[in-house]
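Colleague: How does the following fold in three dimensions:
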Amino acid sequence: MKKLIYAADDEKDILEVIKGFLENAGFEVRTFDTGDALYKAFLEAPSDLIVLDIMMPGSDGLTICKELRRISNVPIVILTAKESETDHMRGFMLGGDDYVIKPFSPSLLVVRIQALLRRVEMSNPSNSSLTFGDITYSEDVHDALCNGKSIGLTMTEFSLLGCLMKNAGTAVSRNELLDNVWGIDNNDIETRVTDETVRRIRRKMRNAESHVKITAIWGYGYKLEVDNE
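Modeller: I've put the predicted structure just below:
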């Protein structure tokens, strides 16, 4: 069965290009000229992945991303015409999984979407779980739990925490996290993306009152430790 992708952009030409390339790659695609229309359609029939432009009439892409994250962990790719770090980081803070800067290569967008969906498939139930401190990483339910309660991670956060859990107590480099979590060439994603995703996981773990912490290893990466204080 084909994966269903929703894409929203107020530029008709861009939507046609996105639709054409994704359909040629074997996806089913529905396009929308506003984020509000996409959100309404998602409420009625959820898709497998979403592509959102930032600047659109009505609610902008970041607002729609935030609203989607209230109800779903669907993978979200954010399109931005601004090469500013602020836009990229705001997208990740609100729950985006990846971003592509306009003008972009349609082939690159397809590769990133395929990489995101591969991560979903790799996270399918496998009756396996890992425990470190009060955190249980369960591929069986595709969730991370603190003392039995969901932390509420997005797909990207779940994948990154999984990489750290599989190396618990050992430092993992940013490059390794980029390879394992985003699944594409390191040069295509800034290390700030990794740092921002870690920041989001830390916040959710604190909110869950977990004693597990993610420690930064200066100039290298991160590792999981248990705070016994």
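
Colleague: rest of the way, CA atoms for contacts and neighbours
Modeller: Will do.

Colleague: how far away is Thr34 from Ile76?
Modeller: Distance, Thr34 to Ile76, using CA to CA, to the nearest Å: 15 Å.

Colleague: Please say which of these two ends up with more neighbours.
Modeller: Ile76 (29 against 23; other CA atoms under 10 Å).

Colleague: So the more buried one sits against Val51, correct?
Modeller: Yes - counting by CA atoms under 8 Å, Ile76 touches Val51, with 5.9 Å between them.

Colleague: can you count the residues close to Ile64?
Modeller: The burial count for Ile64: 21, using other CA under 10 Å.

Colleague: That one: which element?
Modeller: helix 61-71 (DSSP states H and E).

Colleague: and if you look at Leu145?
Modeller: Per DSSP H and E: strand 143-146 holds Leu145.

Colleague: Show the average pLDDT along that strand.
Modeller: What strand 143-146 shows for mean pLDDT is 86.

Colleague: Also stretch 218-229?
Modeller: The average pLDDT within stretch 218-229 is 84.

Colleague: Stretch 119-135 now?
Modeller: 70.

Colleague: quick one: terminal-to-terminal distance for that stretch?
Modeller: 21 Å.

Colleague: Tell me where the protein has strands.
Modeller: In the chain, the segments counted as strands under DSSP state E are 4-8, 28-32, 49-53, 76-80, 98-101, 129-132, 135-138, 143-146, 149-150, 172-173, 212-217, 221-226.

Colleague: Tabulate those strands (TSV), appending distance to Ile113.
Modeller: Shown next, in TSV, are the strands of the chain (distance: least, CA to CA, whole Å):
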stretch	distance to Ile113
strand 4-8	9
strand 28-32	12
strand 49-53	8
strand 76-80	8
strand 98-101	9
strand 129-132	26
strand 135-138	24
strand 143-146	21
strand 149-150	26
strand 172-173	24
strand 212-217	28
strand 221-226	25
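
Colleague: pLDDT averaged over stretch 159-168, what's the number?
Modeller: 88.

Colleague: What is the least confident helix or strand in the protein?
Modeller: Between all helices and strands in the chain, the lowest mean by mean pLDDT, DSSP states H and E belongs to helix 85-93, at a mean of 61.

Colleague: Only C-alpha atoms, please: export the strand holding Leu145 in PDB.
Modeller: This file holds the C-alpha atoms of strand 143-146, laid out as PDB (Å, rounded to 0.1, in the frame of the first residue of the first chain):
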ATOM      1  CA  ASP A 143       7.600   5.000  22.800                       C
ATOM      2  CA  ALA A 144       9.900   6.000  25.700                       C
ATOM      3  CA  LEU A 145       8.500   5.600  29.200                       C
ATOM      4  CA  CYS A 146       9.500   7.100  32.500                       C
END
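
Colleague: Which other helices and strands does it contact?
Modeller: In terms of contacts (3 or more CA pairs under 8 Å, 6 or more residues apart in numbering; DSSP states H and E), strand 143-146 is packed against strand 135-138.
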